[in-house]
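> With the input below, show me the fold.
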Amino acid sequence: MKIFKLITNQKLPITLEKAWDFLSDPKNLSVITPDYMNFKIIDDNIKKMYAGQIINYTVTPLFGFKISWTTEITHMKKLEFFVDEQRFGPYSFWHHKHFLKEIDGGVEMTDIIDYALPFSFLGSIAHPLIVKPKLDEIFNYRYNKLITIFGDFKN
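Residues are numbered from 1 along each chain as shown. So this is what the prediction gives:
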């Protein structure tokens with residue numbers, strides 16, 4: 001199984017506490033996901049993030065096909081990082097680390113996603129043609145949406 005990696009980095013002109021409050025609220029996932037993906041949390045009583053939390057949602061990433069996805073928040077250190085791992089969903093493996101760090105004038109966010117695709121060599125063929133461009137599009141949307149919400153970082 002081939003493991004792929006995506007790393008994103010963004011600086012925002014907000015406090016560490018404000019960044020944490022926004023990013024650790026699962027309800028905000030729909031805010032930073034493109035509308036056409038129809039991201040919906042299907043749990044009735046979603047609370048602020050905690051280690052061990054299971055989040056069930058649906059998403060329509062490609063060609064109008066609705067997918068159920070279940071992730072678990074496996075690790076969390078308040079104001080520093082959290083990790084979500086797919087338990088059921090479209091990937092063979094999904095491990096997403098979210099790091100926050102206070103910097104002069106704001107906060108730096110780093111995401112490191114390690115993931116693998118199903119279907120062996122077919123998944124490897126689909127990666128550069130479909131999956132990688134789609135992930136880049138989703139994280140670019142998120143980058144721009146966070147600027148819209150919190151403003152652009154001026155160095």
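> Quick check: buried residues in the lowest-mean-pLDDT helix or strand in the chain?
Within the chain, confidence by mean pLDDT, DSSP states H and E is lowest for helix 120-126 among all helices and strands, at a mean of 75. Neighbour-count burial for helix 120-126 flags 123, 126 (criterion: 16 or more other CB atoms under 10 Å). Just so you know, the C-beta spots here come from the backbone N, C-alpha and C atoms, and that holds for glycine as well.
> Helix or strand for the residue lying closest to residue 16 once chain neighbours are set aside, just tell me which one.
Spatial nearest neighbour of residue 16, excluding adjacent residues (CB to CB, 6 or more residues apart in numbering): residue 102 at 4.5 Å. Secondary structure from DSSP states H and E places residue 102 in strand 93-103.
> what helices or strands is the longest strand along the chain leaning on?
Ranked by residue count under DSSP state E, the longest strand found in the chain is strand 65-77. With contacts defined as 3 or more CB pairs under 8 Å, 6 or more residues apart in numbering; DSSP states H and E, the packing partners of strand 65-77 are strand 54-62, strand 81-88.
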